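A.B. asks: Pasted the sequence and its predicted model underneath.
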Number of protein chains: 2
Amino acid sequence: MKGALIFIGDELISGLVVNTNVIVATRQLSSHGFQVREIVTIPDDLSLVKSYLKDLYVKYSFLVLSGGLGPTDDDLTNQAVAEALGLNLVENQEVSKAIKDSKEYASSQEIAKKMSLLPEGAVPLADNLTMAGYLLDFKEKLIFVLPGVPHQFEYLLTQKVLPLLSQRFKAEGLELSKSLRFFDLNETDLNLFLKSYTLNTQDLKIGYYPLWPEVKLVVRSKNQGLLSEVISELKKKFGVSLVSEEDRSLVEVVGDLLIERGKKVAVAESCTGGMLASLLTSVAGSSNYFERGWVTYSPESKMELLGVKKEHIEQFGVVSYQVALDMAEGVRRQVKVDFAIGITGYAGPGGGTPENPVGTVYIGLAYQNKVKAFRFGFYGLERREVQLMSSYTTLDMLRRLILYDESFLRYRFALGVEERSC
Amino acid sequence: MKGALIFIGDELISGLVVNTNVIVATRQLSSHGFQVREIVTIPDDLSLVKSYLKDLYVKYSFLVLSGGLGPTDDDLTNQAVAEALGLNLVENQEVSKAIKDSKEYASSQEIAKKMSLLPEGAVPLADNLTMAGYLLDFKEKLIFVLPGVPHQFEYLLTQKVLPLLSQRFKAEGLELSKSLRFFDLNETDLNLFLKSYTLNTQDLKIGYYPLWPEVKLVVRSKNQGLLSEVISELKKKFGVSLVSEEDRSLVEVVGDLLIERGKKVAVAESCTGGMLASLLTSVAGSSNYFERGWVTYSPESKMELLGVKKEHIEQFGVVSYQVALDMAEGVRRQVKVDFAIGITGYAGPGGGTPENPVGTVYIGLAYQNKVKAFRFGFYGLERREVQLMSSYTTLDMLRRLILYDESFLRYRFALGVEERSC
């Protein structure tokens, strides 16, 4: 069940549009066990489309084409498919009627005509026949011809193409896959661990997605037992860093945990500039746990709004344990929440001192009867990356405090901790 | 000067990695006037690489290959290139020495040997010879063989490949390009306008990038005079919506304007949950203009921190002109800034009322001696999209107030405005 993909459109090779369909198609097909071997991206050019189609359909069990199905002159995929496979173009009466009945195309009978001329044997895929896209079951090959419009492409691929492929090829045995998300993972340890597995078997495939600062790991196998074993070993070895076994983001996981346990959060941010609040409120239902936030960017705002002590700023600097502790305490003094947070640091590119260079961030956390501040060194990162790492680390501290306890607040980039009695 | 791209690597067709090199290559090549006609993505498979290379090098003036140059067994691009073009693999003494001298490969003489075996005539591209990648000037075709590692690929493409291509093909005349950013643009009007231009000439190429909620327009031509004329007409017709002629984002443009004019901003956010503050502080130098922010998510926080009137919440609801006005006034009462902002709305998916459905957002703005609140209907959008549209619209209001005056605060999704004297 190997196949090839053909993407058709001038805009795809000019660099003016990012071909998101190729990402969707490769991910969806391979996570369902269908192997893509070749991907071709070409302009709306009749002879190129025909030549690739002729070459590729003999080599593979399935093809997915995308683009060139619209009503304008440069849309020539139907003609190319028909000529390449030696089929006639015939009017599909049902499609023709649907297009004539639709408001969108009511004005032009020509358009209706062009869009309903399909290669002989083409079976439209969408329930709504005004949406282009069809299947040709030709000489035991499945040839899917889909529109290039991204949401139509994704809809037809996931709702129609995948089930039809599964139906045809299910006897060959499908791959199962599991997507895990990690945060603050030691990737060298992970690599060594996974190597020991993949060395012993050809049945396991492993891949990473770049979802920085999270790490997404996809493990695939036709062998359900082997897959379960690997997952269980991964949990044993990297358990605290495992954010989700179901491909959920850290933000979603923390939101769910806060709602589940009925916990509330309030935050005061300096170097993250509102990013932590924005992440916490990015998911539906966040009003259940997010109470309020301050973005105390200037030193004055830290003193006026949070009661940060002037002598602490003068003696230790705005980026210090004492100011982070003051910020977290200031939040908790004003509002009854389970977790009160205060973040101060140097996101760069300017700022920083010899003791606290750019990338130094203090995260203060008031919970139960404690106020602690943790010092981190996110060195060598860009401004936005320092902000992201600071925000994600704070979210992960909440996750670990809820699921485990404070002895688990150990991070790779942590440099120290100070506590204040209260 | 047409060419083709060949991307080699198992990970590229499995969907586990997004092929960012294809985006970089198509954008860079076409914006420098080199036309890509075919893009092929294939696994590390000797016969496939050879077969595509043989087909494509005869058809085009240049080829760019990427991937499969590393030291491991599955890296077979050098072998494929040599066999496809009928060249011997010979050891490049300089590369071999550089690799042997480097710390990274010091442990393995085998690796040094494999990586320095290049097709006859290959000229290494990087100044640092331990970085793979070379040019083959073969039968009047330029064949660039680059590593797949994204930052190496981008470095060699922009610093070595583009200059070498320009040198070879400069006589043919290069395209000039200009990238514009718009916000709140009527795209139908824009399309009609641009059609009138492109109908009259083949010398002008126009494309969009999806940078929602901004619109990025790239205009390309070999004719400098025509290009200048179109830009000048675009400015005349869509001037207020034109954010940048230099491909700068709305956030950067507003940041620059605030710094240039010495203006300061403070914000109070409800439905945007910190996103506006996060955007304002995403660029370096933001402490020059961003004073402080509140994320008043709960009704209590609005009353306690900003002095929003309880009777306004009860009578009009938390999503209303009066609460947005109270929020902006509350900000200004507490801190001396040029622009004090208050945002309240329903980002969804829950919430909303018959009068104020999901997507309704009120943006309050206190400036000079005025307090105004604008009502917007960002209907049919996802939660994150409503938050983004609200934040961007607020940024754009600042831009227009600084560059023009309040009579320019007219937006496509605006539903009304109320003012409060003070």
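C.D. replies: Sure, I can see it. Note that the coordinates shown come from a computational prediction; the quantities given were computed from them, not determined experimentally. Numbering: from 1, shown residues only, chains lettered A, B, ... in the order given.
A.B. asks: how far does the host helix or strand of A:Leu164 sit from the chain's center?
C.D. replies: Per DSSP states H and E, A:Leu164 falls inside helix A:162-169. Chain-centre distance of helix A:162-169: 26 Å, with CA atoms, centre = their mean, to the nearest Å.
A.B. asks: likewise stretch A:250-266?
C.D. replies: Worked out by CA atoms, centre = their mean, stretch A:250-266 lies 20 Å from the chain centre.
A.B. asks: mean confidence score for it?
C.D. replies: For stretch A:250-266, mean pLDDT rounds to 97.
A.B. asks: Pull that stretch out as CSV, backbone CA atoms only.
C.D. replies: The C-alpha coordinates for stretch A:250-266 follow below in CSV (Å, rounded to 0.1, in the frame of the first residue of the first chain):
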residue,chain,number,x,y,z
LEU,A,250,1.0,21.4,27.9
VAL,A,251,-1.5,24.3,27.9
GLU,A,252,-4.4,22.0,27.4
VAL,A,253,-3.1,19.5,29.9
VAL,A,254,-2.6,22.2,32.6
GLY,A,255,-6.0,23.7,31.9
ASP,A,256,-7.7,20.3,32.3
LEU,A,257,-5.9,19.6,35.5
LEU,A,258,-6.8,23.0,37.0
ILE,A,259,-10.5,22.5,36.1
GLU,A,260,-10.5,18.9,37.3
ARG,A,261,-9.0,19.9,40.7
GLY,A,262,-10.9,23.1,41.0
LYS,A,263,-7.7,25.2,41.3
LYS,A,264,-7.4,28.9,40.5
VAL,A,265,-4.4,30.9,39.2
ALA,A,266,-3.3,34.5,39.1
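A.B. asks: if we can go back for a sec, who are the packing partners of the helix holding A:Leu164?
C.D. replies: On a contact count with 3 or more CB pairs under 8 Å, 6 or more residues apart in numbering or on different chains; DSSP states H and E, helix A:162-169 meets helix A:20-31, strand A:141-146. Quick note: C-beta positions are derived from backbone N, CA and C, even for glycine.
A.B. asks: For that helix, give the mean pLDDT please.
C.D. replies: On average, helix A:162-169 scores 88.
A.B. asks: Contacts for that helix, please.
C.D. replies: Identification of contacts with helix A:162-169 by CB atoms under 8 Å, 6 or more residues apart in numbering or on different chains yields A:Met1, A:Gln28, A:Leu29, A:His32, A:Phe34, A:Ser61, A:Phe62, A:Leu135, A:Leu142, A:Phe144, A:Leu174.
A.B. asks: so how far is A:Val161 from the third one?
C.D. replies: Pointing back at A:Leu29 there. 8 Å (CB to CB, to the nearest Å).
A.B. asks: same check, this time on the second one
C.D. replies: Between A:Gln28 and A:Val161 the distance, using CB to CB, works out to 8 Å.
A.B. asks: Also the first one?
C.D. replies: Distance of A:Met1 to A:Val161, given as CB to CB: 13 Å.
A.B. asks: which of those two has more neighbours?
C.D. replies: A:Val161 (24 against 20; other CB atoms under 10 Å in any protein chain shown).
A.B. asks: check contacts around the more buried one.
C.D. replies: A:Val64, A:Leu125, A:Phe144, A:Leu146.
A.B. asks: what do you get for A:Val267?
C.D. replies: A:Val267 makes contact with A:Leu276, A:Ala277, A:Leu280, A:Gly293, A:Trp294, A:Val331, A:Ala340, A:Ile341, A:Gly342, A:Ile343, A:Thr394, B:Val295 under the criterion CB under 8 Å, 6+ apart.
A.B. asks: redo that, cut-off 10 Å
C.D. replies: For A:Val267, the contact set (CB atoms under 10 Å, 6 or more residues apart in numbering or on different chains) comprises A:274, A:276-277, A:280, A:290-295, A:327-328, A:331, A:337, A:339-343, A:391, A:394, B:274, B:295.
A.B. asks: part of a strand, is it?
C.D. replies: Yes - membership of A:Val267 in a strand is supported by DSSP: H, G, I helix; E, B strand; the rest coil.
A.B. asks: Okay, and the beta partners of it?
C.D. replies: For A:Val267, the beta-bridge partners are A:Gly293, A:Ile341 (DSSP bridges).
A.B. asks: okay, and the common contacts of A:Gln28 and A:Val161?
C.D. replies: Common neighbours of A:Gln28 and A:Val161 (CB under 10 Å, 6+ apart) are A:Phe34.
A.B. asks: So in that sheet, which strands flank the host helix or strand of A:Ala373, and in what orientation?
C.D. replies: Secondary structure from DSSP H and E places A:Ala373 in strand A:370-377. Using DSSP bridges, strand A:370-377 pairs in its sheet with strand A:360-367 (antiparallel), strand A:414-420 (antiparallel).
A.B. asks: Now tabulate those strands in a markdown table and tack on mean pLDDT.
C.D. replies: Output for those, formatted as a markdown table (pLDDT from 0 to 100):
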| stretch | mean pLDDT |
| --- | --- |
| strand A:360-367 | 98 |
| strand A:414-420 | 95 |
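A.B. asks: For B:Gly317, find the nearest of the ones you listed.
C.D. replies: Closest approach to B:Gly317 among those is made by strand A:360-367 (32.7 Å; CB to CB).
A.B. asks: Please save the CA atoms from that closest one in CSV.
C.D. replies: Provided in CSV are the C-alpha atoms of strand A:360-367 (Å, rounded to 0.1, in the frame of the first residue of the first chain):
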residue,chain,number,x,y,z
THR,A,360,18.2,34.7,33.4
VAL,A,361,14.6,34.4,34.7
TYR,A,362,13.2,34.1,38.2
ILE,A,363,9.8,32.5,38.7
GLY,A,364,8.1,33.1,42.0
LEU,A,365,5.4,30.8,43.1
ALA,A,366,3.1,31.2,46.2
TYR,A,367,1.0,28.1,47.0
